[in-house]
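K.L.:
Below: sequence and its predicted model.
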Amino acid sequence: MHDNKDWEQQAADALKSVARRMDIKAYVEQSPLLYGLLKKAALQYVTGESRIDGLEAGQRLTAKGYAISLEYIGENTVNAEECEAAVEEITALIDDLGQQGASARVSFDLSHIGLMLDTELAYTNLAKLAARALETELELFISMAESAKTERILEVYKRAASRYPNIGITLQAHLHRTPDDLAALSASPGRIRIVKGAYQESGEVAISRSELLNERYLQLVGKALGDGHRVSVATHDEHIIEEAIQRGLLTMRGAKLEMLYGIRPELGSSLKSAGYPVQIYLTYGHEWYLYLCHRIAEYPPNLYRAVANMADPQRVDPVEAYD
């Protein structure tokens, strides 16, 4: 007999599979009615489709005392022109944030700027963005992807970070290789973001969601901070956050909580009120379909909110939920 956790895990796995189905994505994009309904649901987690949407939401959160991280959504780009367009958009985002003078970082996936085409192209584009961001005193952050890309992502990061100290990297706690990857970053100056890991991976590659994974996550955070890294503790898991507080991790120098826009805003608000630095990770862009699927897959009860927002789009203004 299945309990609720079993069904939730099955639902999460199914959504992750659906998210990667390009035929389903194309069908959604070609159906005005379906596209419109799902976009209303996505606005709980995505600020909108334009850079202005992201910047405006970011300004409102900054005014409330949060640090922000902005991402122009996109990944697995296999067209050189589209990679160049992504670099231009991210450059414009860097410039706009620099003019605002906000406490902000810019995040992106290396596969959005060339990794799927050529590793050297990804490096060249990353270096170009890092140089621009350095001029405006902004931090760049590289997202992580499926385990098959991990080695190349880390290679590009290490090479670029040796020249540009304003680049950070994401590590996924569920991968068996991550403790070794963290040890190999001892000389890298950039901030490290630690996440559980959202991608479906085999048991040969990763730990499944469990108490074992929670402990691995906390150990990685402790190790990174102990080694002197600046660390983004990127989680909405209250158990992990409470344990991190008990262990004194969140008061260590360089520690910062990071939470995704629209998810557990009341938790982010209470933690900020308690004096912990909280950064909100915002996204914008047309490629919100995959992002929406992942947000629901991470926490299947989010599906209830998605349905409610489809029926009543006036419910959607996540910024108001942050105090």
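P.N.:
Everything's here; your move. In this text the structure is predicted, and so the values were computed from the model without any measurement.
K.L.:
rest of the way, CA atoms for contacts and neighbours
P.N.:
Noted.
K.L.:
Give me the distance from the host helix or strand of residue 53 to the chain's centre.
P.N.:
Element membership for residue 53, per DSSP states H and E: helix 51-63. Chain-centre distance of helix 51-63: 17 Å, with CA atoms, centre = their mean, to the nearest Å.
K.L.:
Now do it: everything it contacts.
P.N.:
By CA atoms under 8 Å, 6 or more residues apart in numbering, the residues outside helix 51-63 that reach it are 47-48, 67-68, 70, 72, 93, 97, 102-103, 282-285, 319, 322.
K.L.:
cutoff 6 Å now
P.N.:
Helix 51-63 is contacted from outside by 47, 284, using CA atoms under 6 Å, 6 or more residues apart in numbering.
K.L.:
That helix: which residues count as buried?
P.N.:
51, 53, 54, 55, 57, 58, 59, 61, 62 (16 or more other CA atoms under 10 Å).
K.L.:
mind saving the C-alpha coords of stretch 254-269 as PDB?
P.N.:
C-alpha atoms of stretch 254-269 as PDB (Å, rounded to 0.1, in the frame of the first residue of the first chain):
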ATOM      1  CA  GLY A 254      30.100  34.000   4.800                       C
ATOM      2  CA  ALA A 255      26.900  32.100   5.300                       C
ATOM      3  CA  LYS A 256      23.700  33.300   3.500                       C
ATOM      4  CA  LEU A 257      20.400  31.600   3.100                       C
ATOM      5  CA  GLU A 258      19.000  31.500  -0.400                       C
ATOM      6  CA  MET A 259      15.400  30.800  -1.300                       C
ATOM      7  CA  LEU A 260      13.500  30.600  -4.600                       C
ATOM      8  CA  TYR A 261      11.000  33.400  -5.400                       C
ATOM      9  CA  GLY A 262       7.500  32.500  -4.500                       C
ATOM     10  CA  ILE A 263       8.300  29.400  -2.400                       C
ATOM     11  CA  ARG A 264       7.900  29.600   1.400                       C
ATOM     12  CA  PRO A 265       7.900  33.500   1.500                       C
ATOM     13  CA  GLU A 266       6.700  33.300   5.100                       C
ATOM     14  CA  LEU A 267       9.800  31.300   6.000                       C
ATOM     15  CA  GLY A 268      12.100  33.700   4.300                       C
ATOM     16  CA  SER A 269      10.400  36.600   6.100                       C
END
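K.L.:
Pull out the buried positions in that stretch.
P.N.:
254-265, 268-269.
K.L.:
Same question for stretch 145-154.
P.N.:
Neighbour-count burial for stretch 145-154, counted by 16+ other CA under 10 Å, picks out 145, 147, 150, 153, 154.
K.L.:
Run the chain-centre distance for it.
P.N.:
On CA atoms, centre = their mean, the centre of stretch 145-154 falls 15 Å from the chain's centre.
K.L.:
May I ask you to name the longest helix in this protein?
P.N.:
helix 80-100 (DSSP state H).
K.L.:
ok, which stretches of the stretch 201-323 of the chain are strands?
P.N.:
Assigned by DSSP state E, counting those that start in this stretch, the strands in the stretch 201-323 of the chain fall at 231-234, 255-260, 278-284.
K.L.:
Distance to residue 166 added to those, as a markdown table?
P.N.:
Shown next, in a markdown table, are the strands of the stretch 201-323 of the chain (distance: least, CA to CA, whole Å):
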| stretch | distance to residue 166 |
| --- | --- |
| strand 231-234 | 14 |
| strand 255-260 | 16 |
| strand 278-284 | 17 |
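K.L.:
Serialize the ones you listed to JSON lines and add fields for mean pLDDT and distance to residue 115.
P.N.:
Shown next, in JSON lines, are the strands of the stretch 201-323 of the chain (pLDDT from 0 to 100; distance: least, CA to CA, whole Å):
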{"stretch": "strand 231-234", "mean pLDDT": "98", "distance to residue 115": "24"}
{"stretch": "strand 255-260", "mean pLDDT": "96", "distance to residue 115": "25"}
{"stretch": "strand 278-284", "mean pLDDT": "96", "distance to residue 115": "20"}
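K.L.:
returning to that earlier point: what sits up against the longest helix of the chain?
P.N.:
113, 114, 136.
K.L.:
Okay, now the unreliable bits of the stretch 151-300 of the chain?
P.N.:
294, 297-300 (pLDDT under 70).
K.L.:
90 instead?
P.N.:
Within the stretch 151-300 of the chain, the stretches with pLDDT under 90 are 186-189, 198-201, 208-209, 263, 286-300.
K.L.:
Where do the helices of the protein begin and end?
P.N.:
Under DSSP H, the chain gives helices at 4-19, 22-30, 32-42, 51-63, 80-100, 119-135, 147-161, 178-183, 211-226, 238-246, 265-273, 288-298, 302-311.
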